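Enquirer: From the sequence below, what's the structure:
(2 chains)
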Amino acid sequence: MWKRLRSWFRVLSGRPQFEDQMSEELRFHMEQFADDLVSRGIAPEEAARVARIEFGSVQNVKSDCRQARGLNFIDELLRELRYAARLLRKTPGFTTTALLTLAICLGANLTIFAVMDSILLRPLPFPEAGRLITMFNSYPKAGVDRDGSSITNYYERRGRIPAFESLSLYSYGAAIIGEAGSTERAQVTYVSPEFFATLGVGPRIGRVFTEAETTFQTDNVTILTDTYWKQHFNANPQVIGRQIRVDGDLKTVIGVLPSNFRFLSSEARIYLPFASSPEARAPSERHSGGNGKQLIARLRPGATVEQAQSQIDAQNATLELDDPKAKMNADAGFCTPVVPLHADHVAGIRPTLLLMQAGALALLLIGAINLVNLLLIRASGRSKEMAVRQALGANRRHVVSEVLVEITLLTLAGGMLGLALGAGGIQLLTRFGVDRLPLGATIQFDMQLAGVALAAAVLMGIMLSAPIAWFNLRDHLTNRLQAESRGGTSGRAAQRLRHGFIVGQIALALSLLTGAGLLGLSLEKAAAVSPGFRPDHVLTGRISLPGKSYPDAPAHLRFIERLIKEIDQLPGVSAAGVVNNVPLSGNSGKSAAVVKGHVLGPGESQRGHYSYGVGGDYFRALGFSLRAGRFLTEEDSHRTKRVCVVDEDFARYYWSNSSAIGQQLFEGGEAGKDAEAFTIVGVVGAVKQAGLTDEAAQGAIYYPYVFRTDNALFLAARSSLSPESLESMVRTAVRRIDPELPISDLRSMETRISDSLMARRSPALLAGIFSAIALLLTAIGTYGVLSYAVTQRRREIGIRMALGARPEQIRSQFVSLALRLLAAGTILGTLGAWFAGQAMRTVLFHVPAVHPAILAGAVGIIGVVSIAACLVPSHRAARISPTEVLASE
Amino acid sequence: MGKTADLLPGTLDMLILKAVSLKPLHGYGVLLRIQQISGDALEIPQGSLYPALYRLEHQDLIMAEWRQTENNRRAKYYTLTAAGRRRLREETAGWNRLSAAIASALNTTPEEV
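Expert: Now for the predicted structure:
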């Protein structure tokens, strides 16, 4: 087999040469023969003539030689391709419809597949990425499902879990990088020394961090990403030993990462050592996790996630034996789930992506059905020609290969168009926010995808050819010659097949439409949720203070006071404040607090609450509502008396029947001295912290900013001007205070809300687009099949009308056919919609999987579309003139 | 291939292989050689020689090469490949078995039945 392929290839690659050599060889033969004849005494002209006669037909010999070389197959294929192209050119209407259908359906599938492939299917870009896992502390009964890992966890587990080959800790952060005058605020990642070894990636130059570089005195080193190295050092290999300024400190470059290195969705520009103090590594800090710090590990070859899980569980159990907070942790349901890194990273987006792919496949199926129907109709038109050809001896293989070549040519062309459309589709999805998905930045259109497109097109060609080939070869020739002659009617089987396809198409379109309706309604319900504050006219932005210039709480306070004073003076600003995290910023974390005098009931555990430090007039800036007491003010940061504000969820949980005002609580997991207690001075309305669809009433505590200073903070300003027009003024104001301090993530609260709905809006929009295309295709399909039915039954209609049938009877006959197909499609589609609804459960919000109104609406839309599609053909049927028909026959 | 029963095409292939096994030959040479070694008993139709040569080349049993003839003309010379040599051996053995069996069958007398 291989030898023959090689022989083919040799000949094909030098086809003209092959022909030349063959001619030369045959000419040589005849000339030699003639020469021999001459030497036997025959006159030269006579000799040449005899040689030609003896040799026989040169053309036949050549053709036989080509066949011997297996070239006939190729020649035949080329001939069939030319024939198919000619046929397709002759019916531009059909060809255009088919190509557009294929391009849209394959394009939509390729687009979604590109996303799914990059995010779900391709392994993470590390060697043996399947062995990478992550783990996190979980306190489900305290309402904290995920709390990252603590530094202590890392030091206690490192080297002690046999299933782990390597364990590392990392944390995302932001820093101001660069020398005075040219600073940029950039993402950085803090990593433990074995981080790169865990991933299985080494630096392209230099070395990685060492154990000695994990203290605050020795962490003045950095590893650059390839991008940073190229932009700032012009890819200079002598970069090792140079220094860059990070948050005001000088860091020595010790390594550069390879160009394709990217850890999950990280945008980090440089890597820094994960430094910590001995206190932070102490057992007392074991449960000071927080989602800022995450562990990853590489399993030993052969080790399983289950083994790792049981080893972690065993270690946790041993350590908890003498943990002072063991009871509290146990009450909170403390555990440390071990999960594969890739799956965990994309878990949130997985159901939506699978749904979108299912939707795209349904669309492809609808498109394929349309094509089969169009092709069947077309084949019916050529039915007689086929029959005659077969009667004249065209063999079955030939009939099949002709169909296969033609349809595959069509699907391949459609596939190429689809590929172009898919490339455009990715651009469109980027506008829908797909690049902000986990691993979304890795989505690309590459050769692998082109290969998938090619394979899909060929596969589709073969699948579409099957029913057409069957149609062309089906039953006896005599029957067909008769069927298409005078007085005959169309083949029943073919007609049933066409109608069955229409029913399937209606059912699929109905399922898609229902699914889109459910997603749309979920989006509407989510968007209608009140965030709990007034988001209009509020501009927010993120500032992170470098530790060098702002080392302590007083420095932070001085900065925010100046900041708020500057912002307050901007035109139109009515309130300005700061907070650790604004709602919906995606950074809200929960921490423990203990209410003075609250006794845990049986089965009740300590609860995690959203906790923030607020400064300035934050509550008024964001438009919180005051339920009781007062808001916090600037002065609360300077008073000796500790006060705080809680939200209504918190107040309702602890004091459902009495007032929260005047009650006291302690920050952290246990009650402290009375002097450390915070007195509640106000109760504010609850706001949506993590997302509009977040429904857990977890409770929130707001402390004066001085008690929760942090390097990163958000500024919020309410203004009578539009937030957009305030932007540049805010930037200038911040620069006036500290020219080195950039403000980032500057967005209005309305934009934040709208962005937070992206994960619902984009799928709903896509599903809507798919449904619209599905409807269009269904309309085309129904129209095509009914038109054909009318054309085919012209004779019958003509005769019936001549015998006295009225036009309305003829019309209603076709309308009732359409209605029957619609009814069957609706029944099947309702079943499909039910399945679709079940599959979508996880992504729906306040919408049941089976929603009668949406289903009824979808049935209505499909009904209108398919009846509209049948009106023109049935009207035409009713206008058939019997005299014309009978005369034309 | 087991074409021993398929007499004519099988025999032509076998004869070509035999002819080029003796010495590299061009197509016309193959024709002359077969006539010569069969004692002019076999007449090969000239038109069917070349498809057979191309088929054998396609199967990698013989290989072709352009060379100069004694009269300084360019011609395509065929030589036997290793696979061709093996095939020739098999075909020869197969032919011998077949002809012996047929000869024995045809020489059977009534007494031997």
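
Enquirer: any idea whether A:Ser265 is helix, strand or coil?
Expert: coil (DSSP: H, G, I helix; E, B strand; the rest coil).

Enquirer: Wait, it touches A:Pro438, no?
Expert: Yes - the criterion here is Cβ atoms under 8 Å, and A:Ser265 meets it with A:Pro438 at 5.2 Å. Every C-beta, even on glycine, is put in place using the N, C-alpha and C of the backbone.

Enquirer: what touches both of these two?
Expert: A:His345 (Cβ atoms under 8 Å, 6 or more residues apart in numbering or on different chains).

Enquirer: Around chain A, which positions in chain B sit nearby?
Expert: B:26-28, B:31, B:45-48, B:50-52, B:54-55, B:57-60, B:66, B:73-76 (Cβ under 8 Å from any Cβ of the partner chain).

Enquirer: taking those one by one, which sit in helices?
Expert: With helices taken from DSSP state H, the overlap with those comprises B:27-28, B:31, B:46-48, B:50-52, B:54-55, B:57-58.

Enquirer: By neighbour count, which of these wins?
Expert: Per-residue neighbour counts (other Cβ atoms under 10 Å in any protein chain shown) across these peak at B:Tyr54, which has 27 neighbours.

Enquirer: Tell me the predicted confidence for the closest residue to that residue other than its chain neighbours.
Expert: The spatial neighbour of B:Tyr54 that comes closest, neighbours along the chain excluded (Cβ to Cβ, 6 or more residues apart in numbering or on different chains), is A:Ala68 at 3.9 Å. For A:Ala68, the pLDDT comes out at 79.

Enquirer: do the one 3 residues further on as well
Expert: In this model, A:Leu71 is scored at 71, pLDDT.

Enquirer: And the one 3 residues further on, by the same measure?
Expert: The per-residue pLDDT reported for A:Ile74 equals 75.

Enquirer: Please give the element, helix or strand, for the residue positioned nearest the centre of chain A.
Expert: Ranked by distance to the mean C-alpha position of chain A (Cα atoms, centre = their mean), the top residue is A:Val115 at 4.4 Å. A:Val115 is part of helix A:92-116 when elements are defined by DSSP states H and E.

Enquirer: what ranges do the strands span in the stretch 401-550 of chain A?
Expert: With DSSP state E, counting those that start in this stretch applied, the stretch 401-550 of chain A shows strands at A:538-544, listed in chain order.

Enquirer: swap in the stretch 1-150 of chain A?
Expert: A:132-135.

Enquirer: Quick check: which ranges of it have low pLDDT?
Expert: Along the stretch 1-150 of chain A, segments meeting pLDDT under 70 span A:1-5, A:7-8, A:10-13, A:72.

Enquirer: Assign A:Gly393 to helix, strand or coil.
Expert: Following three-state DSSP, the label given to A:Gly393 is coil.

Enquirer: which residues of chain A score low on pLDDT?
Expert: A:1-5, A:7-8, A:10-13, A:72, A:180-181, A:475-491, A:587, A:889.

Enquirer: Pull up the residues of it that are close to chain B.
Expert: Checking chain A against chain B by Cβ under 8 Å from any Cβ, the hits are A:3-4, A:7, A:21, A:24-26, A:28-29, A:32-33, A:54-57, A:60-61, A:64-65, A:67-70.

Enquirer: For PyMOL, write a command that selects the buried ones of these.
Expert: Selecting the buried subset of those in PyMOL, with 16 or more other Cβ atoms under 10 Å in any protein chain shown as the burial test, is done by:
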select buried, chain A and resi 7+25+26+28+29+32+33+55+61+64+65+67+68+69+70
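
Enquirer: Around A:Thr336, how many other residues sit close by?
Expert: 19.

Enquirer: Please name the residues that touch it.
Expert: A:Met135, A:Phe136, A:Asn137, A:Ser138, A:Ser149, A:Asn153, A:Ile312, A:Asp313, A:Asn316.
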